[in-house]
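# 3D model of this:
(one chain, ligands or ions: 1)
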Amino acid sequence: MSKIVEKYAELPRPLRKPLWRIWHRMITNYDTDTSAVFMNYGYASENGEFSKLKLLKEDEPDRYSIQLYHHVARNFNLEGKDVLEVGSGRGGGASFLTRYFKPNSYIGLDISQKTIDFCNARHKVKGLSFIKGHAEKLPFDNESKDAVVNVESARCYGNIPAFFAEVSRILKPDGKFLFTDMIKPEDVETINRQLEEAGFKVVEKKNIRQNVVKALILDTEYRKSHIHSKAPKMFHKMFYQFAGVEGSERFDAFDKNRIDYWSYTLTKNQ
Ligand SMILES: C[S@@+](CC[C@H](N)C(=O)[O-])C[C@H]1O[C@@H](n2cnc3c(N)ncnc32)[C@H](O)[C@@H]1O
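As a prediction, this is how the structure comes out:
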């Protein structure tokens, strides 16, 4: 099972959707105190980027996952804006951005009904809601959103160019696409070309692999303690892999530079 987690992005595309549904069901079953609200590898700063990011006490344990969201949204003022997040998972990032940056509306979209039900019950925040949907067919009008957020999710999609085209379609002419994900070094050029073909211009792009590695090192103990307190022992190795803790193959892949991690701020090419 931990091999499936490691090789997920190389599995045949039709298998990926059902696997996410199984995975969400499993996490919802084990996360009985509803404290697991992030599913990303996190981001640690190397230059005091977060010296001004004061978190509420209840958010502090998720600092590194939160910092990844803070980082990806850093170039755009969300206040009063209409925002869509695609692949919002267990909603922690959507809740953080809505509570701290006050968009007019923030919709989190995910393919798993289980996780959408979880999020609508767990995150009661003004302006925030969650709906089931598919990244390649977004249920929104043309030019209806100011920003689309996408964190560590696009690599799961069957057709990434179709997703980029959908984001471009629903963004307003000056809208921003705030995108971050792990990308193999040999695939970076293809992703850059696909973004350009979908009509995006790069405002800023950055390889943040080292920030992710640093976050995983700093967060390994917390991630393991979460896994130990929730999941049966037989699944620990699989969850270590998913969580990217030090010693897992996923951590090694980042650490040894077999996988990069990029963040992009993109604007529509008008
Ligand atoms: C690694 S999780 C990241 C979740 C969240 N962004 C975070 O950082 O905590 C990837 C998410 O993408 C969702 N996902 C995968 N394929 C999708 C698709 N085709 N459309 C919408 N969401 C999808 C999964 O269900 C999962 O919740």
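# can you tell me the helix or strand for residue 261?
For residue 261, the element it lies in under DSSP states H and E is strand 260-268.
# other SSEs contacting that strand?
Where contact means 3 or more C-beta pairs under 8 Å, 6 or more residues apart in numbering; DSSP states H and E, strand 260-268 is packed against helix 63-72, strand 171-183, helix 188-197, strand 200-207, helix 209-230. (Glycine included, C-beta is placed from N, CA and C.)
# one more time with 6 Å, if that's ok
strand 171-183, strand 200-207, helix 209-230 (3 or more C-beta pairs under 6 Å, 6 or more residues apart in numbering; DSSP states H and E).
# contacting residues for the closest residue to residue 43 other than its chain neighbours?
Once flanking residues are discounted, residue 43 sits nearest to residue 68: 4.0 Å by C-beta to C-beta, 6 or more residues apart in numbering. Residues in contact with residue 68, defined by C-beta atoms under 6 Å, 6 or more residues apart in numbering, are 40, 42, 43.
# what does the stretch 151-270 of the chain put close to the ligand?
When proximity is defined as C-beta under 6 Å from any ligand atom, the stretch 151-270 of the chain approaches the ligand at 151, 152, 153, 156, 157.
# and the residue lying closest to the second one once chain neighbours are set aside, how many neighbours?
Nearest-residue entry for residue 152: residue 40, 4.4 Å, with adjacent residues in sequence omitted and distances by C-beta to C-beta, 6+ apart. Look at residue 40: counted by other C-beta atoms under 10 Å, it has 26 neighbours.
# endpoints of stretch 238-256, how far apart?
This stretch, stretch 238-256, spans 20 Å end to end (C-alpha to C-alpha, to the nearest Å).
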